[in-house]
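S.K.: here is my input; please provide its structure:
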Amino acid sequence: MKRNLLTLAAVGAIALGGFALAQADSADPAGPGRWHGHGFALEHLTKTLNLTADQQSKVQPIVDQAKPQIMAIHKDAMQKTQTVINSTVSQIRPLLNPDQQKKLADLQKAHQDLMNAIKELHAAQGE
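M.R.: Just a heads-up that it's a prediction; the model follows:
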């Protein structure tokens with residue numbers, strides 16, 4: 001039972017970490033060319049590939065066109081991940097004693113508080 005709780009916590013931390021990292025990367029002050037840390041920001045491509053101004057003007061619309069698709073895929077993946085996590089927690093919760101259930105509820109609240117803070121940060125940044 002303890003291993004299941006630790007596994008759940010690890011899965012949640014990984015999912016949360018990935019989400020938080022992606023959200024933090026999208027808020028990077030490097031600017032609108034930033035693409036979730038995958039190295040496809042126009043600035044990164046320009047420096048790495050030594051793109052000319054003409055190439056940059058041709059690459060930018062391609063990067064801009066891909067961004068919403070990637071954001072949609074990311075959002076869908078996060079929603080599916082959350083569904084699996086919720087299902088897992090609902091199966092584990094009845095196996096826990098009251099003290100463990102409280103700790104689990106506290107973990108979930110802390111996770112939700114963090115997600116809300118990230119959303120507020122993005123709203124404040126105008127994203």
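S.K.: what about residue 120, neighbour count?
M.R.: The local packing count at residue 120 equals 10, with neighbours defined by other C-beta atoms under 10 Å. Every C-beta, even on glycine, is put in place using the N, C-alpha and C of the backbone.
S.K.: state the mean pLDDT of whichever strand or helix holds it.
M.R.: Taking DSSP states H and E as the criterion, residue 120 maps to helix 98-124. The predicted model gives helix 98-124 an average pLDDT of 92.
S.K.: any weak-confidence spans in this protein?
M.R.: Low-confidence segments of the chain (pLDDT under 70): 1-40, 127.
S.K.: which parts of this protein are helices?
M.R.: Counting by DSSP state H, one finds helices in the chain at the ranges 2-26, 42-49, 53-92, 98-124.
S.K.: between the shortest one and helix 53-92, how many degrees?
M.R.: Relative orientation of helix 42-49 versus helix 53-92 (axes from the mean of the first three to the mean of the last three C-alpha atoms, to 10 degrees): 120 degrees.
S.K.: mind listing what's buried along helix 42-49?
M.R.: Buried residues in helix 42-49, counted by 16 or more other C-beta atoms under 10 Å: 42, 45-46.
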